[in-house]
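Asker: Here is a sequence with its predicted model. Questions after.
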There are 2 protein chains.
Amino acid sequence: MYTISDIAKLLGITAHTLRYYEKEGIIAPIRNPSGERVYDDSNLAWLRFVMRLKQTQMPISQIREYAHLYLEGEHTTQARLNLLEDHRNSVQSQIRNLTATEKVLKDKIAAYKNSITKETGVR
Amino acid sequence: MYTISDIAKLLGITAHTLRYYEKEGIIAPIRNPSGERVYDDSNLAWLRFVMRLKQTQMPISQIREYAHLYLEGEHTTQARLNLLEDHRNSVQSQIRNLTATEKVLKDKIAAYKNSITKETGVR
DNA sequence: ATTTGACTTAGAGTAAACTCTAAGCTGTAT
DNA sequence: ATACAGCTTAGAGTTTACTCTAAGTCAAAT
């Protein structure tokens, strides 16, 4: 069992942000007798996955949608699968885009390094 | 020579956004006698590169910094090179992160496809 | 007993990147 | 000549994702 600040530390975010995610319907941890949030290992695993989705540009609204589908039970399995496959496509397209940009940057950097000794008009 | 809407169409953004980029110091096209913006091929090439930087998560503030360094002339070559190398590192780290997430999604999707026929508790 | 630190809530404030509005000008097409 | 499309400006409004504030509760430490 973890407190909000334990989780914040583990994820590298603030407790404020975790409360915001809860308000946005992304997680619903239980409360202890004095009303404080208590997170278990399954909450932590879910939030780690959420962080992955966020870092790969999935908007909060879509993460919430996925979380809600999970709470609705077994009959939403296909809908969740569709969301995951859509996001996988988005991830693959981001990788292609980044790889192409990496090449452009590599070439530009080489041209710049050249122009430091020679004289070229690189931008 | 291109009008603002030509460029907007070519880049898949709106004329509003192009004016915003100008206000933010990212580009300074010339004006025709009636005060309208006129873009040339070098403007277009620069904006295409800007779009690449944006799509790979470089903030407007950093793109502006790069643009300003270019306008300051030859003595900023090293500074521009540093910016490009920093961004290249960021791009490479994004690729690593996306690749790892792609694997996670691939596995999760496989588990979901399994659970549609069998009975597993995937999230 | 009181201070300290971490927690609670509702709600206000911020930053980034657009996105749009209003009022007006200009060049071509009927 | 007048309509119309597309341009201009300054500035206001929107969306997303936080980020913080204020006022208060609570448990452990001095």
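Answerer: That came through, no problem.
Asker: can you give me the strands in chain A?
Answerer: With DSSP state E as the criterion, chain A has strands at A:30-31, A:37-38.
Asker: Can you tell me the strand partners of the first one and which way each runs?
Answerer: For strand A:30-31, sheet partners with direction are given as strand A:37-38 (antiparallel), following DSSP bridges.
Asker: spatially speaking, which residue is in the middle of chain A?
Answerer: Nearest residue to the geometric centre of chain A (CA atoms, centre = their mean): A:K54, 1.8 Å.
Asker: how about the nearest residue to that residue, chain neighbours excluded?
Answerer: Among residues not flanking A:K54 along the chain, A:I63 sits closest, at 7.1 Å (CB to CB, 6 or more residues apart in numbering or on different chains). For every residue, glycine as well, the C-beta is placed using N, CA and C.
Asker: My read is that that neighbour contacts A:I26, right?
Answerer: Yes - between A:I63 and A:I26 a contact is recorded at 5.7 Å, counting by CB atoms under 8 Å.
Asker: Which elements pack onto the longest helix seen in chain A?
Answerer: For chain A, the helix that runs over the most residues, judged by DSSP state H, is helix A:77-117. With contacts defined as 3 or more CB pairs under 8 Å, 6 or more residues apart in numbering or on different chains; DSSP states H and E, the packing partners of helix A:77-117 are helix A:60-71, helix B:41-55, helix B:77-117.
Asker: give the contact list for A:K103.
Answerer: A:K103 makes no contacts at all, as judged by CB atoms under 8 Å, 6 or more residues apart in numbering or on different chains.
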